[in-house]
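Q: Let me see the structure of the following:
(one chain, ligands or ions: 2)
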Amino acid sequence: ACAPETTGDLRKMDTVAHRGASGYAPENTIAAFDKALEMKVDYIEIDVQRSKDGELVVMHDNKVDRTTNGTGYIKDLTFEQLRSLDAGSWKGEQFTGEKIATFGEVLDRYHGKIGILIELKSPELYPGIEESVAQELIERNLNHPQNEKIIIQSFNFESMKKIDALLPKVPIGVLISSKAHTTEQALEDFATYADYFNPIYGIVTEDLVNQVHSHGMKISTWTVRSHESAEFLLSMNVDAIITDFPDYVDPRN
Ligand code: G3P
Ligand code: CA
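A: Ligands and ions are numbered 1, 2, ... in the order given. All right, here's what the predicted structure looks like:
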C-alpha cells in the first residue's frame with residue numbers, strides 16, 4: 001500500500017460522500033454519485049458486493065430488501081435479477097427506475113473526475129472477491145499510486161491484507177468501530193499494511209488523531225449525519241469526513 005503525500009501539518013480535509021450524496025438521493029446509485037460530483041466533494045464512498053453469477057455490484061446491505069423492491073441476499077441473485085430491481089423509489093418517487101450499479105460502471109463513469117473510496121462489504125461472504133476487485137482496477141490501469149484517487153477499505157482486516165498483496169500501490173484503509181482496535185500495538189500492526197485508519201466518529205479524540213498520525217496513517221471518520229458531529233470532527237484535525245450530507249462539512253457544497 002502506498003499513501004498519498006501529506007504536507008507537514010497542512011493537511012487538507014477531504015469530504016467523502018457516504019454511499020454518494022445519500023442524504024439527497026438513493027444511496028449507492030448513479031443518482032447519488034452524480035449528486036456528489038455536482039456538490040464537488042473529494043471522494044465518493046461505495047460498498048462493493050457480488051451477485052450469484054459473479055458480477056461486482058454496489059450496495060450496502062447484504063440483502064436487497066431495504067433499498068429495492070426485491071427480496072433476498074445479493075449473493076443468491078443473478079445480475080439479471082438484481083438489474084431488474086428498482087433501487088430508487090424507496091427514497092422518493094422522482095428516483096423511480098434507478099438501477100443497481102456495477103463496480104465497473106462506477107469506475108468508468110467517475111475515475112479521474114472524483115476520488116473513489118471503495119469498501120469491500122462483508123468480503124467473507126464472497127470468497128475471491130479481492131481478486132475480482134483487483135482485476136477490475138488493473139484492467140483500467142487504476143492500480144497505480146497518485147494518478148487516481150482510489151482507496152480500498154474494509155472492516156475485514158484479512159481481506160485488506162490480501163488486497164495489499166494484490167495491489168501494493170493502492171492505499172488501504174481499515175474500518176474501526178471499537179476502541180479495542182486503538183491500542184498502540186493495534187496501530188502498529190495496522191500500519192504494516194494500511195494507510196488509513198477509519199474509525200466511527202464516536203471514538204475519535206485528539207489523542208487518537210495524533211496517535212494515528214504518528215504511525216504514519218491518515219484518519220477518515222464516519223458517518224456524519226448531523227451538524228453537531230460535523231462541527232466536532234472539523235475541530236479534530238482528521239484527514240477526511242465521510243458524510244451523507246456533504247454540505248454539513250463543506251459549506252461550499
Ligand atoms: O465509509 C465508512 C462507512 O461506510 C462504514 O460503515 O456501514 O456505512 O458501510 P457502513
Ligand atoms: Ca460503507
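
Q: and the closest residue to residue 177 other than its chain neighbours, what pLDDT?
A: Leaving aside its chain neighbours, residue 177 sits nearest to residue 200 (4.8 Å; criterion: Cβ to Cβ, 6 or more residues apart in numbering). To be clear about C-beta, it is placed using only N, CA and C from the backbone, and glycine gets the same treatment. Looking at residue 200, its pLDDT stands at 98.

Q: what's the answer for residue 253, then?
A: Residue 253 is assigned 66 on the pLDDT scale.

Q: again, but for residue 3
A: So residue 3 comes in at 54 (pLDDT).

Q: Next: residue 145.
A: pLDDT for residue 145: 75.

Q: Residue 172 is in contact with that one, correct?
A: No: counting by Cβ atoms under 8 Å, residue 172 is not a contact partner of residue 145; they are 11.8 Å apart.

Q: Distance of the residue lying farthest from the centre of the chain relative to ligand 2?
A: Note on the chain: the largest C-alpha distance from the chain mean falls to residue 93, namely 26.5 Å (Cα atoms, centre = their mean). Distance of residue 93 to ligand 2, computed by Cβ to the ion, to the nearest Å: 26 Å.

Q: same deal with residue 92?
A: Residue 92 is 22 Å from ligand 2, by Cβ to the ion.

Q: Get me the contact residues on the stretch 151-253 of the chain for ligand 1.
A: Applying Cβ under 6 Å from any ligand atom, we find that the stretch 151-253 of the chain lies next to ligand 1 at 175, 222, 223, 242.

Q: hang on, the third one in a strand?
A: Read it as residue 223. Yes: counting by DSSP: H, G, I helix; E, B strand; the rest coil, one finds residue 223 located in a strand.

Q: Do you know the pLDDT at it?
A: For residue 223, the pLDDT comes out at 98.

Q: Contacts only, for it.
A: Counting by Cβ atoms under 8 Å, 6 or more residues apart in numbering, residue 223 makes contact with 18, 200, 201, 242, 243, 244.

Q: Swap in 10 Å and give it another go.
A: 16, 18-19, 22, 45, 200-201, 229, 241-245 (Cβ atoms under 10 Å, 6 or more residues apart in numbering).

Q: Just give me the closest of those to residue 139.
A: Among those, residue 45 lies closest to residue 139 (Cβ to Cβ), at 21.9 Å.

Q: Got the confidence number for the residue nearest to that closest one when sequence neighbours are not counted?
A: Using Cβ to Cβ, 6+ apart and skipping the chain neighbours, the partner closest in space to residue 45 is residue 117 (4.4 Å). With respect to pLDDT, residue 117 has a value of 98.

Q: Neighbouring strands - and their directions - for the helix or strand where residue 117 lies?
A: Here residue 117 sits within strand 115-120, counting by DSSP states H and E. The partner list of strand 115-120 in its sheet, established with DSSP bridges, is strand 43-50 (parallel), strand 150-154 (parallel).

Q: what about the last one, distance to the chain center?
A: Its chain's C-alpha centre lies 6 Å from the corresponding centre of strand 150-154 when counted by Cα atoms, centre = their mean, to the nearest Å.

Q: Just want the residue of the stretch 1-150 of the chain that's nearest ligand 2.
A: Closest contact between the stretch 1-150 of the chain and ligand 2, by Cβ to the ion, is at residue 119 (4.1 Å).
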